[in-house]
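K.L.:
Sharing a model prediction with you, sequence too.
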Amino acid sequence: MKFNKPALTVDEQLDLLRRRGMTVADRAVALHHLEHISYYRLRAYWLPSEAPATHGRDHAFRAGTRFETIIDLYSFDRKPRLLVMDAIERVEVSLRTRWAYVLAHRYGPHAYLDAALFRKATRHAKCLTRLQEELERSRETFVLHYNQKYTDPELPPLWAVSELLTFGQLSLWFGNLVDGAARVEIARPYELDEQIIGSFAHHLAYVRNVCAHHMRLWNREMTIGMKLAVRPKWLGEIFNPELPKRIYNTLVMLAYMMNRISPASRWRASLLALLEEHPAVDLAAMGFPDGWQQAAIWQLRS
């Protein structure tokens, strides 16, 4: 089938929504939103409000669907993205620190250059090439200092290069380590299996990209999921295995990790306050199970 839909003006877009059954309280305000937020972007938020297609009524809205409610949901979704990014930053910095510290103490400051320490030589070569490219572009003071003062090895030590790794690159370096004992030692402060940490790091690299590109979290089915921890038992019981790729399970893990990385943080309290401020938001679409508030991790208001 050939695509032949024309581009619509914002007035035409709003008229189309109204013909399909969406109510609009203030046309001027709605047009302003459509001028600054793509119709296609907002569609992800009103899609659950569309009724099943019938003859001649494709994309019709259920009764009571309001443009203002869609905007409220869109505005809400921005807030958990900011909270998630805050927690991901702390997890990323912590994992970088553990990765560099453990490898440097076990195998020396330039352990990352030794292909024998990694499972797949081709993956190690690709990771090293990416890192070298980052170093060549970098104008960080510590990179310039090393280049001016040292010639052997040509690349800086672990604790320096780790600062240039993206979360995605870090997860590849961690997962490719051949020494299981090293992975266990990296994961030790989190009191989780190293495979859970590796899977979570890979998942968070994806979630970070979702947030960084201002994409929807609210009812997103994550393309890259994660292994759900079964130990400690109390943590395993909090996850929602029925919707394993929704943001709820990510939030559980972030809350758990924040308690170990930054126990004085009020991250969880901020998340709970946000959810209380928006009682109309469908939390089930985010993967929140019935009775989630009673879980131990959400009882701690820090």
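P.N.:
Right, received. Where do you want to start?

K.L.:
count of neighbours near A87?
P.N.:
25 (other Cβ atoms under 10 Å). All C-beta atoms are positioned from the backbone trio N, CA, C, and that covers glycine.

K.L.:
per-residue pLDDT, it?
P.N.:
We have a pLDDT of 98 for A87.

K.L.:
Going forward, count from 15.
P.N.:
Done: numbering now begins at 15, and the last item shifts to A101.

K.L.:
what's the longest helix in this protein?
P.N.:
helix 81-121 (DSSP state H).

K.L.:
now for that one, which elements pack on it?
P.N.:
The contact analysis (3 or more Cβ pairs under 8 Å, 6 or more residues apart in numbering; DSSP states H and E) places helix 81-121 against helix 41-50, helix 53-60, helix 172-175, helix 181-189, helix 194-201, helix 208-226, helix 261-275, helix 281-291.

K.L.:
For the fifth one, which residues meet the burial criterion?
P.N.:
Looking back up the chat, that one is helix 194-201. Buried residues in helix 194-201, counted by 16 or more other Cβ atoms under 10 Å: A196, R197, E199, I200, A201.

K.L.:
Output the contacting helices and strands for that helix.
P.N.:
helix 81-121, helix 208-226.

K.L.:
Go through the ones you listed and pick out the most buried.
P.N.:
helix 208-226 (a mean of 20; mean count of other Cβ atoms under 10 Å).

K.L.:
Need the CA coordinates for that helix. PDB is fine.
P.N.:
This file holds the C-alpha atoms of helix 208-226, laid out as PDB (Å, rounded to 0.1, in the frame of the first residue of the first chain):
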ATOM      1  CA  GLU A 208      26.400 -10.600  39.300                       C
ATOM      2  CA  GLN A 209      24.200 -11.800  36.500                       C
ATOM      3  CA  ILE A 210      21.400  -9.700  37.800                       C
ATOM      4  CA  ILE A 211      23.700  -6.600  37.900                       C
ATOM      5  CA  GLY A 212      24.900  -7.300  34.400                       C
ATOM      6  CA  SER A 213      21.400  -7.700  33.100                       C
ATOM      7  CA  PHE A 214      20.200  -4.600  35.000                       C
ATOM      8  CA  ALA A 215      23.100  -2.500  33.600                       C
ATOM      9  CA  HIS A 216      22.200  -3.600  30.000                       C
ATOM     10  CA  HIS A 217      18.600  -2.700  30.700                       C
ATOM     11  CA  LEU A 218      19.400   0.700  32.200                       C
ATOM     12  CA  ALA A 219      21.500   1.600  29.200                       C
ATOM     13  CA  TYR A 220      18.400   1.300  27.100                       C
ATOM     14  CA  VAL A 221      16.100   3.100  29.700                       C
ATOM     15  CA  ARG A 222      18.600   5.900  29.800                       C
ATOM     16  CA  ASN A 223      18.400   6.300  26.100                       C
ATOM     17  CA  VAL A 224      14.600   6.400  26.300                       C
ATOM     18  CA  CYS A 225      14.800   9.100  28.900                       C
ATOM     19  CA  ALA A 226      17.500  11.100  27.100                       C
END
